[in-house]
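> Turn this into a structure:
(chains A and B)
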Amino acid sequence: MPSDTNRAIEAVWRIESAKLIAGLARMVGDIGLAEDLAQDALVAALERWPESGVPDNPGAWLMATAKHRGIDLVRRRAMLERKHAELGYELEAQQEAAVPDLDAALDDDVGDDLLRLMFTACHPVLSTEARVALTLRLLGGLTTAEIARAFLVPESTIGQRIVRAKRTLAEVRVPFEVPRAADRAARLASVLEVIYLVFNEGYAATAGDDWIRPELCEDALRLGRILAELLPQEAEVHGLVALMEIQASRLKARLGPSGEPVLLLDQDRARWDHLLVTRGLAALARAEELGGTLGPYALQAAIAACHAHARAPEETDWTRITALYDALAQLSPSPVVELNRAVAYGMAFGPSAGLEIVDVLTSEPRLATYHLLPSVRGDLLAKLGRWDEARTELERAASLTRNARERALLLERARACAVHRTD
Amino acid sequence: MRFMMLVIPKVYENAPADFVPPADLVAKMTKYNQSLTKAGVLLGLDGLAPPAKAARVQFTGGRPKVTDGPFTEAKEVVGGYWIIQVKSKDEAVEWAKRAPMLDGDIIEVRQVQEISDFPPDVQKAAGR
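Presented below is the predicted three-dimensional model:
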């Protein structure tokens, strides 16, 4: 049982760690080292605070302690460099060090350490998995154990993933900065992708016994909200936040009494979280106010908002949703978007209209093992009264999903088709 | 986890109906609110008008009885709230400790109850 002070320290760490690591990373130019220094400060707090009490400004205390250690380290390095200089390395080392700094001073439009940390943790040189782990660890303040639990992988796997990611960033010498105009859009897209990936793993777990893991959704929302404050002029950041807030508003309604998924149109809308709906609609309004064409996240948020506005399923403006999906399919075409577009067309213009789009997708190799394709197709076939085909598709969907709850639901729907057939 | 941090300002026990908080306190509070927003934890907040403008509906013997404010006997009157989303009660408490409060003020940190915390029969009564 941890003491009150230890629990207080844990809480302080949760609040301060990202800022601490970000500030230190700017100082030492290496996020791995920055995290080590921050951890050292945490250890110092764990040693001293139980005796001395938690200081009035615990964040400042941690920062001062870590900086102190950082300065020692930088001094030691400087000494080492002087030794190298005697061997003739100095000029080269200085030039290498000076160039990025000067650029940063001239060209860095956002001087925020946290933002630099986000961009660095989501650097494209890293695998997506590594970006996710590093972001949750450095910015979400999650422990390796917590990340491992969330993604149902061994703790050692996550630990190694993080160590390797930090090593890669150091080896490739990824500068600790906010990317310049040229790569900014692509780099921002990577940050948004990582956040949404975390959210989605919580919203519709790809594996395991639980269909949703709300804590991951909360982690992603927190990261998204932080980013929206750091980049208030980026419409897509607000678009992503809007999308996550509105989707998260349905979390409780998406789960039946025994943990089974409840589909959107079957949900009890009274159980949607209206605080999150309001926040989502406000974030979408912010994205729209910034002008320009809506990006993919904002478009998805606008679709989610159509559902949020409908007090009952039959009040849903499906025609508007098809228009939004048409725009989304143009902007970022993907088989999954196409599948959703098919669902919307099915609702707006009848199951045949939906099936027409779905049937094109059945030859799409990227959807060959995607359970939602036969699930949607089965649904549309059932609406057309083609029960045998519908049942086959739903059974196929059940065999493809890796989630136990979802499989049970699909099999139940398949059985319902069989009943209809004998009627 | 979601928590409500209820502000119980000492000054509200006797505040007149036209009471407004001083500008310097509002400035500090705004800064604090921004720190909650920047940390991604703030879901909502409100400040409440003084109890002198309030009414109390008291249920005695099964009947509602209405009393208009101010309430002379009242102690620990709520003055506003924040709703935050955090990982633990300790984190909520840590945020509460950072609020710019005056001497004698109280912040009560209360976890928002979820229907899923209730036993099945109570969940059923709630329409689950």
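> what residue is smack in the middle of chain A?
residue A:195 (1.9 Å; CA atoms, centre = their mean).
> Skip ahead from the one helix or strand in chain A whose mean pLDDT sits lowest and say which helix or strand is next.
Of the helices and strands making up chain A, the lowest-confidence element is helix A:90-107, at a mean of 41, by mean pLDDT, DSSP states H and E. In the C-terminal direction, the helix or strand that comes right after helix A:90-107 (DSSP states H and E) is helix A:113-121.
> helices and strands around that next one, which ones?
For helix A:113-121, the packing partners by 3 or more CB pairs under 8 Å, 6 or more residues apart in numbering or on different chains; DSSP states H and E come out as helix A:4-28, helix A:31-52, helix A:128-138, helix A:181-203, helix A:214-230. Placement of C-beta: from N, CA and C, glycine included.
> does residue 65 sit in a helix or strand, and which one?
No chain was given, so I picked chain A. Using DSSP H and E, residue A:65 sits within helix A:58-86.
> right idea, wrong chain: chain B
Per DSSP H and E: strand B:63-68 holds residue B:65.
> And the contacts of that strand?
Applying CB atoms under 8 Å, 6 or more residues apart in numbering or on different chains, the contact partners of strand B:63-68 are B:54, B:55, B:56, B:57, B:58, B:59.
> got a winner among these for most neighbours?
Neighbour counts for the contacts of strand B:63-68 (other CB atoms under 10 Å in any protein chain shown) peak at residue B:54, which has 17 neighbours.
> What pLDDT does the model give that residue?
If you check residue B:54, the pLDDT there is 93.
> how about it, what does it touch?
Listed by CB under 8 Å, 6+ apart, the contact set of residue B:54 reads B:68, B:69, B:71.
> let's see it at 10 Å
B:17, B:48, B:67, B:68, B:69, B:70, B:71, B:74, B:77, B:78 (CB atoms under 10 Å, 6 or more residues apart in numbering or on different chains).
> Could you pull up phi and psi at it?
Taking degrees, to the nearest 10, you get phi -90, psi 180 for the backbone angles of residue B:54.
> I'd assumed residue B:41 was in contact with residue B:96.
No: with contact defined as CB atoms under 10 Å, residue B:96 does not reach residue B:41; the gap is 11.8 Å.
> got any residues that touch both of those two?
B:3, B:82, B:84.
> After the strand holding residue B:65, which helix or strand is next? Please name it.
strand B:80-85.
> That next one pairs with which strands?
strand B:2-8 (antiparallel), strand B:42-47 (antiparallel) (DSSP bridges).
> Residue ranges in the stretch 101-250 of chain A under the pLDDT threshold?
Across the stretch 101-250 of chain A, the ranges flagged by pLDDT under 70 are A:101-111, A:205-211.
> between residue B:96 and residue B:41, which one's more packed in?
Between residue B:96 and residue B:41, counted using other CB under 10 Å, the more crowded position is residue B:41 (25 against 19).
> Show the model's pLDDT score for residue B:69.
Listed pLDDT for residue B:69 reads 85.
> give the contact list for it.
If you count contacts by CB under 10 Å, 6+ apart, residue B:69 has them with B:15, B:17, B:49, B:50, B:51, B:52, B:53, B:54, B:55, B:56, B:77.
> now residue A:367
Applying CB under 10 Å, 6+ apart, the residues near residue A:367 are A:334, A:335, A:336, A:338, A:339, A:358, A:361, A:373, A:374.
> From residue A:360, how far out is it?
Distance, residue A:367 to residue A:360, using CB to CB, to the nearest Å: 11 Å.
> And for residue A:150?
Counting by CB to CB - residue A:150 and residue A:360 are separated by 36 Å.
> neighbour count winner among the two?
In this view residue A:150 and residue A:360 are compared by other CB under 10 Å, and residue A:150 has more residues nearby, 22 against 12.
> For that one, give me the backbone phi and psi.
Here is the backbone geometry of residue A:150 (degrees, to the nearest 10): phi -60, psi -40.
> ok, now which ones touch it?
Residues near residue A:150 by CB under 10 Å, 6+ apart: A:132-133, A:136, A:140, A:142, A:158, A:198, A:201-202, A:205, A:213, A:215-216, A:219.
> Around chain A, pick out the residues from chain B.
Selection of chain B residues close to chain A by CB under 10 Å from any CB of the partner chain yields B:1-2, B:34-35, B:37-44, B:83, B:85-95, B:97-98, B:112, B:114-116, B:120, B:123-124, B:126-128.
> Sort out for me which of the residues you listed are in helices.
Under the assignment DSSP state H, the residues of chain B next to chain A contribute B:34-35, B:37-38, B:89-95, B:97, B:120, B:123-124 to helices.
> Drop anything exposed from the residues you listed.
By neighbour count, with 16 or more other CB atoms under 10 Å in any protein chain shown, these hold B:38, B:90, B:91, B:92, B:93, B:94, B:95, B:97 as buried.
> Now tabulate these in TSV and tack on pLDDT.
TSV is the format used below for those (pLDDT from 0 to 100):
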residue	pLDDT
B:38	93
B:90	95
B:91	96
B:92	97
B:93	96
B:94	95
B:95	97
B:97	95
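> that older thread, please convert the buried members of the contacts of residue A:150 into ChimeraX selection syntax.
Remark: buried members of the contacts of residue A:150, expressed as a ChimeraX selection using 16+ other CB under 10 Å:
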select /A:132,133,136,140,142,158,198,201,202,205,213,216,219
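> got JSON lines for the contacts of residue A:150, with distance to chain B too?
Formatted as JSON lines, these follow (distance: CB to the nearest CB, whole Å):
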{"residue": "A:132", "distance to chain B": "17"}
{"residue": "A:133", "distance to chain B": "18"}
{"residue": "A:136", "distance to chain B": "12"}
{"residue": "A:140", "distance to chain B": "10"}
{"residue": "A:142", "distance to chain B": "9"}
{"residue": "A:158", "distance to chain B": "18"}
{"residue": "A:198", "distance to chain B": "13"}
{"residue": "A:201", "distance to chain B": "17"}
{"residue": "A:202", "distance to chain B": "13"}
{"residue": "A:205", "distance to chain B": "17"}
{"residue": "A:213", "distance to chain B": "14"}
{"residue": "A:215", "distance to chain B": "8"}
{"residue": "A:216", "distance to chain B": "12"}
{"residue": "A:219", "distance to chain B": "9"}
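> Quick check: the farthest pair among the contacts of residue A:150?
Maximum pairwise distance in the contacts of residue A:150, criterion CB to CB, is 17.5 Å, between A:140 and A:205.
> Not counting its neighbours along the chain, what's nearest residue 45?
You didn't pick a chain, so chain A it is. Leaving aside its chain neighbours, residue A:45 sits nearest to residue A:9 (5.4 Å; criterion: CB to CB, 6 or more residues apart in numbering or on different chains).
> my question was about chain B
residue B:82 (4.4 Å).
> Show me what that neighbour is bridged to.
Bridge pairing for residue B:82 (DSSP bridges) gives the partners residue B:5, residue B:45.
> Let me see the confidence value for it.
For residue B:82, the pLDDT comes out at 98.
> List every C-alpha atom in the lowest-mean-pLDDT helix or strand in chain B, with coordinates, as PDB.
Scoring the helices and strands of chain B by mean pLDDT, DSSP H and E places helix B:120-125 at the bottom, with a mean of 82. C-alpha atoms of helix B:120-125 as PDB (Å, rounded to 0.1, in the frame of the first residue of the first chain):
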ATOM      1  CA  PRO B 120     -27.300  -4.900 -11.300                       C
ATOM      2  CA  ASP B 121     -30.800  -4.300  -9.700                       C
ATOM      3  CA  VAL B 122     -30.000  -0.600  -9.400                       C
ATOM      4  CA  GLN B 123     -28.600  -0.500 -12.900                       C
ATOM      5  CA  LYS B 124     -31.900  -2.100 -14.100                       C
ATOM      6  CA  ALA B 125     -33.900   0.600 -12.300                       C
END
